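Chemist: everything below, folded, please.
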Amino acid sequence: MKSLQIAKKGIVWILKILCRIFYAVVPVKDNSIVFMAYHGRGYLDNPKAIYEEMTKDPKFKDYQFYWVLRHKNDCPSNAISVKYMSLHYLYIFARAKYWVVNCKLPQYIYKKKNQIYLQTWHGTPLKKLGHDIEVSADMKFYRSGLSQKEMLCTYDDDVAKYNYLISPNPFTTKVFPSAFHISPEKLIEVGYPRNDILSNQNVELIENIKRTLNLPFDKKVILYAPTWRDDSFVTKGYTFELKADFKKWKILLQDEYIVLFKPHYLIVNKIDSIQELDGFLYSIDADFDINYLYLVSDILITDYSSVFFDYAILNRPIYFYMYDRSNYQHQLRGFYLDVDKDLPGKVYENEDEMLEDVKDKKFDYQKLKEFNHEFNCFQDGQCSKKVIDTVFC
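Modeler: Prediction:
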């Protein structure tokens, strides 16, 4: 593992030098924009919402749009697909005037002074980020085994390139300067573009999503969307040990509900299917657009994932299943919020207690209302337009 890490560092160092030389001779094309979400995993998230708003605006009719993707068939029809980690990928980042990205870029990607980097990020943070993470000196990060210093360098390198960073709410505006060591002047506090679809709900779209996923129309839907753990990984990626007893869920809830299980996109291991759960449990691909799952779900069950900040916009019940809370809070990340007081739903470490409350429909809607007032105050269905008016004016 150590020799592999050394080799990777050497490759990155060589690529940084080659890219800087290459970028210096490639001129910037003013009316060109490159989009990327989750390192090319799909046509998703804030970049997708911004792109779709742009395609409706006559001001951008002469612009050339590029989407960095791992799978070409994910590309929208009026954009050019760029293969992730290809030579074309390096060329487009050298060529495009604007970059719209929701994740950290590789350190070898060099940005010129006349290029504009809009970092949208991908969630309001519950768990601590970047410079705010407090861990022991020997803690390793990511499956690549970076030290804390090395991990922070990857953040600092990317942040130094930002022209703009979207903040979805006043809370995040306070957190990001500390977590990312970024100047507050670079923050755009406008709400998340990806959530416009939640604020502007469309019944026909919801029905189409259910048909696409072959979901029954006569059952309510529970979305179970847990996050990854920093200390559980293999060479290929992060792994997840399922602690949900879906057989128990079925016994208690099958008369009224079905369950959608959506793992985090960084999780690489597959959960074995159980034949007796067919028709009750639906395993969703990790790269599926989670906003579509929000729309078709009547309840969200999660843990430490930031998904609940977005889902709260729908004013539907949220339950927090934190079976490993003590370890996660004190050994892995830590939280920005008091999970017992600040979350829009109750925290459960016991699965049986949570399932009984779901069955009995125990949920505090007043707490959800207060949460939305603080964390979703800018989600008015016009966030994409506000970002475009700020960055591309």
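
Chemist: what is the rounded mean pLDDT of the lengthiest strand in the chain?
Modeler: In the chain, taking DSSP state E as the definition, the longest strand is strand 29-36. Mean pLDDT, computed over strand 29-36, is 97.

Chemist: what's the neighbour count on Val221?
Modeler: Other residues near Val221 come to 20 when the count uses other C-beta atoms under 10 Å. C-beta: built from backbone N, CA, C; applies to glycine.

Chemist: can I take it that it is in a strand?
Modeler: Yes - checked against DSSP: H, G, I helix; E, B strand; the rest coil, Val221 lies within a strand.

Chemist: confidence score at the closest residue in space to it that isn't next to it in sequence?
Modeler: Computed as C-beta to C-beta, 6 or more residues apart in numbering, the closest residue to Val221 that is not its neighbour in sequence is Ser297, at 4.6 Å. The model reports Ser297 with a pLDDT of 98.

Chemist: now for the following helix or strand past the longest strand of the chain, which elements pack on it?
Modeler: Going down the chain from strand 29-36, the next helix or strand is helix 45-55, by DSSP states H and E. Judged by 3 or more C-beta pairs under 8 Å, 6 or more residues apart in numbering; DSSP states H and E, the packing partners of helix 45-55 are strand 29-36, strand 64-69, strand 96-101, helix 196-199, helix 383-391.

Chemist: quick one: closest of those to Gln148.
Modeler: Closest approach to Gln148 among the helices and strands packed on helix 45-55 (C-beta to C-beta): strand 96-101, 23.8 Å.

Chemist: the closest one - contacts with which helices or strands?
Modeler: Against strand 96-101 (3+ C-beta pairs under 8 Å, 6+ apart) you get strand 29-36, helix 45-55, strand 116-119.

Chemist: could you dump the ones you listed into CSV and include mean neighbour count and distance to Asn376?
Modeler: Below are these laid out as CSV (neighbours: other C-beta atoms under 10 Å; distance: least, C-beta to C-beta, whole Å):
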stretch, mean neighbour count, distance to Asn376
strand 29-36, 20, 24
helix 45-55, 22, 15
strand 116-119, 22, 21
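
Chemist: of all the ones you listed, which one is nearest Lys359?
Modeler: Nearest of the helices and strands packed on strand 96-101 (C-beta to C-beta): helix 45-55, 33.0 Å.

Chemist: would you mind getting the angle between the closest one and strand 64-69?
Modeler: Calculated by axes from the mean of the first three to the mean of the last three C-alpha atoms, to 10 degrees, helix 45-55 forms an angle of 160 degrees with strand 64-69.

Chemist: coming back round to it: which residues touch the residue nearest to Val221?
Modeler: Contacts for Ser297 (C-beta atoms under 8 Å, 6 or more residues apart in numbering) come out as Val221, Ile222, Leu223, Leu260, Tyr311, Arg316.

Chemist: again, but for Ile21
Modeler: Neighbour list for Ile21: empty [criterion: C-beta under 8 Å, 6+ apart].

Chemist: and the gap between it and Val159?
Modeler: For Ile21, the distance to Val159 (C-beta to C-beta, to the nearest Å) stands at 24 Å.

Chemist: ok, now Lys369?
Modeler: Lys369 sits 34 Å away from Val159, taking C-beta to C-beta as the criterion.

Chemist: of the two, who's got more company?
Modeler: More crowded of Lys369 and Val159, by other C-beta under 10 Å: Val159, with 20 against 12.

Chemist: shouldn't that one be in contact with Phe180?
Modeler: Yes - between Val159 and Phe180 there is a contact under C-beta atoms under 8 Å: 4.9 Å.
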